[in-house]
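Q: Fold the following.
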Amino acid sequence: MPPKVKKSTKNFMQRQAKAVISGRRRHKQNVSKASKVKDTRRSLAKRRATDRPDLGDSTESGLAQPKALGDMSLDDFLGNYEELIDKEMEGMDSDEETQLELAEDQEQEEEDGEDDVDEEDEEDEEDEEVDEDGDGEEGEDGLDSDLDDESDLEDAEEGTTLRLKSDSTSVPITAALVASWQTQLDEQKKPLRVIRKIVAAFSIASRHSLGDDSEDKEYQRLLRSVPYRVIDSAGYNAIVRMALKQVIPALKQLQPALQPGRIASNLGGWRSVKGAAKLYCTSLIAFLQNNTDPGLLAFTLNTLASAVPYVAAFPKVSRFLVKEVVTLWCGGETSLTVASLLVLRRMSITCPSGFTETLFRVLYLAFARHSRYMTLSSKDHVELMKATVKDLFALDIPTTYQLAFVYIRQLAVHLRNAVTLRKKEAIAQVYSWQFINCISLWCHVLTLSSAAVDSPLKPLIYPLTQVALGTINLIPTAKYYPLRYQLIRSLLHLAKYTNTFMPLSSVIFHPLTTPEFKKAPKKSTAKPVSLELLVKASNAFIGTKPFQDAIMIDIMSTGLEWFTQLSNTVAFPELIVPVKAMIRPHVKKCKNPEIQRQIKTMLDKLDAQAEFISQQRSTVEFGPTDSTRVAQFAATERKKSPLAKFYAEWSSVQDKKAKLISFSTPSQRDQDRVDESAEVGRMVAEIQGSKKAKTQDGSAREGGSKKKKKAKRMAAASLGQFGDEGEDEGAAAGDLSWMNE
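A: All right, here's what the predicted structure looks like:
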């Protein structure tokens, strides 16, 4: 029995065999193409030799007479072809010139088509290689997989250089030259030749910042094949402006049937514009790479959004474009994030369905890499990325389900490792902003299941909820209370938009049963803080009054929001019974009177809502088994709901406090101190100015000292206005006065 061959060896042998066969096939095609082009050129030369009149002796030019071309050997003719063709192009009629151009275009398009076929064969062979582990994970940590499988721009640009007539001297790109191209674009109905010149010049301008001595292989290849050169800023600005504004409309003139959402390669006229379109798309990507101005990048992204039907015709260019656009999407600039969203959205609609999965995967991994930290400046950008990811995932729900299944399972694997291994590294991987933001992202994405009754995303709600609750209970200590309420807010968002009941009451009110809230708070001079940007609290901060106040705000906000979602449920009086039994025994043991007052207020509002629902359901004529009528009862809006009214008032007060306390950065505090110092300086200057007006007698000096004391008292009173306004605001809140103390 022959020995078994390893799968990797077998795949290698198959690839080698395919490469040999492909090389032989390409050699035969090149030979046939060369013979066809030679025959076409020979027939044109013979035709010109027979039709053209005798021009006499041409020995001065060093060339044979035209009517003797038919007698020349093929090698001699091809050797002097460049000089002959330049000489005879002046007298050639339009039909012969068009025939020669079509022959050259057909040769270029066939070569491009062969390159694309060979590239697709190589991609298919790579896709056939299966991960031997079969665990479906993207890397060692799963959340930080590199995009090594993306093709390089040099590979994507193979065969994109347009064949222009070679010249020993370079052509400078000037504003006058660009203006002449603009005139030709306006006058010609199908300006293909002008488009090729513009694209060739733009391919040089897009990489001009690299320098002529750059080691970039593609740029060096373009410098050898394209005669245009950038010599001044005026020409550079003119060609860039024209390329970004005029090329796409001009290309659409050659394909009038092109509509949004369609691929240009599926329409007529594609073979004539393929080379120019490919070079233009790769030049736009290079322009994105070599510029940093946000305004210019945003304008380029808008142009790329219009060029998506042409980009979608080249799979390698599409993959590389996704990589570059996603880099700008997660860069932190709001305008670039929005402009990138437009490009990615159109690509997901236009490109084939198989490409959408790649786009979604790259997008999610980029989000995971750029959400490792949360600061005051990055918080809004992370929220914006969540919203854009949700918007894109809504375009293809089946693909979203496959991706969500894989990565939610991946989160569960990380949590399992942390629970079983109990190693510091495994726990740190779970108790991190990256893990929390990934759970929050999937909570936002799964809200899409509310759009349809039979949505495939609904079965994923349960495992995601279990992962979040398992993360909360991994280390249920006071140190990780901030993380607890980060995850609870994500689950509340998911429960609200999917109308799903979750066992959150015990998780929300668990800190009230711990020793940290039964003891008297430690003395601390720290100011009130917000836990919204924290994952864990320091040991010195735990047990202090600011810590207890911050945790109590989270308990009140999440608890009131949760019970407000359930306030219209017909079983609300029964739902609050376990919560009341859990909280009431610990209220008496709490040594913080403010916390006691807040808990009692919330319990009173829960009792009032339970009584309100009891009165409402006493008049109904259906039982608990009638699920349809029960759902209708819960969906009915009740404007006089006591709990909903109290939660709205409480939320408005907390929003005002958050602007004053929670997000006061050090720079803002320093600015406040500068303003106060300026105010004091102004008052001191007034006092010194009044001192100069004093008279010499003693009565005047005595009056001046009284004015000085009075001015000091006024300055002290004016600096204390902020505290007085806070007290007045708290007194005006009525029943909510304890929230402002």
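Q: Which pLDDT value goes with residue 189?
A: Reading off the confidence values, residue 189 has pLDDT 85.
Q: so how many other residues sit close to the closest residue to residue 579 other than its chain neighbours?
A: In this structure, residue 579 finds its nearest non-sequential neighbour in residue 505, 5.0 Å apart by CB to CB, 6 or more residues apart in numbering. The C-beta positions use only the backbone N, C-alpha and C, and glycine is treated the same way. For residue 505, the count of nearby residues is 18 (other CB atoms under 10 Å).
Q: Residue 505 reaches residue 580, doesn't it?
A: No - checked against CB atoms under 8 Å, the pair residue 505 and residue 580 is beyond contact range at 10.3 Å.
Q: which residues sit in contact with the residue nearest to residue 579?
A: If a contact means CB atoms under 8 Å, 6 or more residues apart in numbering, then residue 505 has 559, 562, 575, 578, 579, 582 as its contacts.
Q: at 7 Å what do you get?
A: 562, 578, 579 (CB atoms under 7 Å, 6 or more residues apart in numbering).
Q: Residue 171 too?
A: 227, 228.
Q: pLDDT at it, what is it?
A: At residue 171, pLDDT is 90.
Q: what's across from it in the sheet?
A: Residues in a beta bridge with residue 171, per DSSP bridges, are residue 228.
Q: By neighbours, which of the contacts of residue 505 wins?
A: Result: residue 562 is most packed of these (other CB under 10 Å), 22 neighbours.
Q: Name the SS class of that residue, please.
A: helix (DSSP: H, G, I helix; E, B strand; the rest coil).
Q: what's the nearest residue to it if we skip its chain neighbours?
A: Closest to residue 562 by CB to CB, 6+ apart is residue 504, at 5.5 Å.
Q: What about the one you found? Give its phi and psi, please.
A: With angles defined as degrees, to the nearest 10, residue 504 sits at phi -100, psi -10.
Q: To what extent is it buried, counted in neighbours?
A: 23.
Q: Assess the claim that it and residue 490 are in contact.
A: No - here residue 504 does not reach residue 490: they are 11.2 Å apart, not a contact under CB atoms under 7 Å.
Q: does residue 303 sit in a helix, a strand or a coil?
A: helix.
Q: May I have the residues that are in contact with it?
A: Residue 303 sits in contact with 244, 248, 284, where contact means CB under 7 Å, 6+ apart.
Q: Can you tell me which of those residues has the most neighbours?
A: residue 284 (26 neighbours).
Q: where's that one, which helix or strand?
A: helix 270-289 (DSSP states H and E).
Q: Kindly spell out which helices and strands sit in contact with the host helix or strand of residue 224.
A: Element membership for residue 224 (DSSP H and E) is helix 217-225. Counting contacts by 3 or more CB pairs under 7 Å, 6 or more residues apart in numbering; DSSP states H and E, helix 217-225 is packed against helix 153-156.
Q: for the helix it packs on, what is the average pLDDT?
A: Per-residue scores along helix 153-156 average to 50.
Q: Good, wrapping up.
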